[in-house]
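Participant: Take a look and give me a structure for this.
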Amino acid sequence: MKTTYAFTVALIVLAPTFALAQAPPAAPAPPPPRWERKAEASFVSTGGNTDTQSLGLGASVVFRAAPWTTESRVAFVRNEADDVETARSFTADLREARALSDRVEVFGRYGYLRDPFAGIDHRNTIDGGLGYKLLMGPVHTLRVDAGLGYTHEGRATGEAQSFALVNIGSAYKWQISQSADITDSAIFTQSLEEHDAWRFNNVFAISAAITKILSLKLSHDIKFNNSPVPGFEKTDRITSAAIVAKF
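Facilitator: Next up, the predicted model:
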């Protein structure tokens with residue numbers, strides 16, 4: 001399992017570089033917009049032999065006031081089958097970064113997770129470190145970062161889990177055209193106190209514009225915890241199709 005996730009991270013980081021090496025030099029990327037705001041929603045309902053409902057809500061905001069960049073995101077997922085709730089989770093992230101040069105930045109980050117069906121009453125994580133932009137665009141952009149921090153996880157069974165950690169992450173975007181793009185973000189968390197306590201999260205998404213405001217997004221989210229809450233599985237997956245509004 002460790003080899004599989006290590007290979008996945010390496011592929012995310014290196015594949016865009018290989019592709020870029022085979023392509024002709026691209027024109028300098030235009031400066032990004034000051035504001036990027038998105039809201040998304042997905043809903044699926046079935047009836048008849050089985051009654052199910054699935055709801056997904058999310059929002060993200062990016063604000064750039066050079067040399068500072070603020071990135072925030074929230075996501076909520078709920079599933080119900082035959083009037084019985086089978087899944088519910090809430091995620092929130094906040095990242096504040098200050099550019100030291102065109103490629104290098106320092107950052108601080110806070111993350112929150114509540115997932116009762118994975119046995120997690122609440123998880124709070126804070127870390128800070130350095131980020132580096134390997135690819136600057138306009139077609140491919142790739143940022144990698146590494147930081148030190150601390151996490152505390154309240155659990156439905158067993159004792160709470162807390163430890164100092166190191167985080168290694170990446171954020172990649174391939175602007176296929178003016179109306180379509182592929183994104184992938186990954187983060188690997190390793191405890192500095194317990195060798196077996198490590199996590200890996202990856203979110204892969206494809207988006208295509210329908211209008212100037214609305215887009216269709218297909219995404220696949222994997223959360224792997226090598227030291228899960230007792231009685232719960234290590235891996236959670238969410239695959240969704242959502243309508244996204246940009247404003």
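
Participant: nearest residue to Ile210 other than its sequence neighbours?
Facilitator: Counting by Cβ to Cβ, 6 or more residues apart in numbering, Leu216 is the residue found nearest to Ile210 once chain neighbours are left out, at 5.9 Å. No exception for glycine: its C-beta is placed from N, CA and C like everyone else's.

Participant: The one you found - how many residues pack around it?
Facilitator: Other residues near Leu216 number 15, with proximity taken as other Cβ atoms under 10 Å.

Participant: Show me what counts as buried in the one helix or strand it maps to.
Facilitator: Applying DSSP states H and E as the criterion places Leu216 in strand 214-225. Residues Ser215, Lys217, Ser219, Asp221, Ile222, Lys223, Phe224, Asn225 are the ones in strand 214-225 that count as buried (16 or more other Cβ atoms under 10 Å).

Participant: got it, and stretch 155-166?
Facilitator: Arg155, Gln161, Phe163, Leu165, Val166.

Participant: Not counting its own residues, what contacts the strand holding Leu216?
Facilitator: The set of residues that contact strand 214-225 without belonging to it, under Cβ atoms under 8 Å, 6 or more residues apart in numbering, is 1, 5, 40, 118, 199-210, 234-246.

Participant: how near is the residue nearest to Ile210 to Ser207?
Facilitator: Counting by Cβ to Cβ, to the nearest Å, the separation of Leu216 from Ser207 is 7 Å.

Participant: and if you look at Thr151?
Facilitator: For Thr151, the distance to Ser207 under the criterion Cβ to Cβ works out to 30 Å.

Participant: Ok, Glu85 next?
Facilitator: Between Glu85 and Ser207 the distance, using Cβ to Cβ, works out to 29 Å.

Participant: ok, these two, which is more surrounded?
Facilitator: For Glu85 against Ser207, the residue with the higher neighbour count under other Cβ under 10 Å is Ser207, and the figures read 20 against 12.

Participant: could you pull out the helices for the protein?
Facilitator: 2-22 (DSSP state H).
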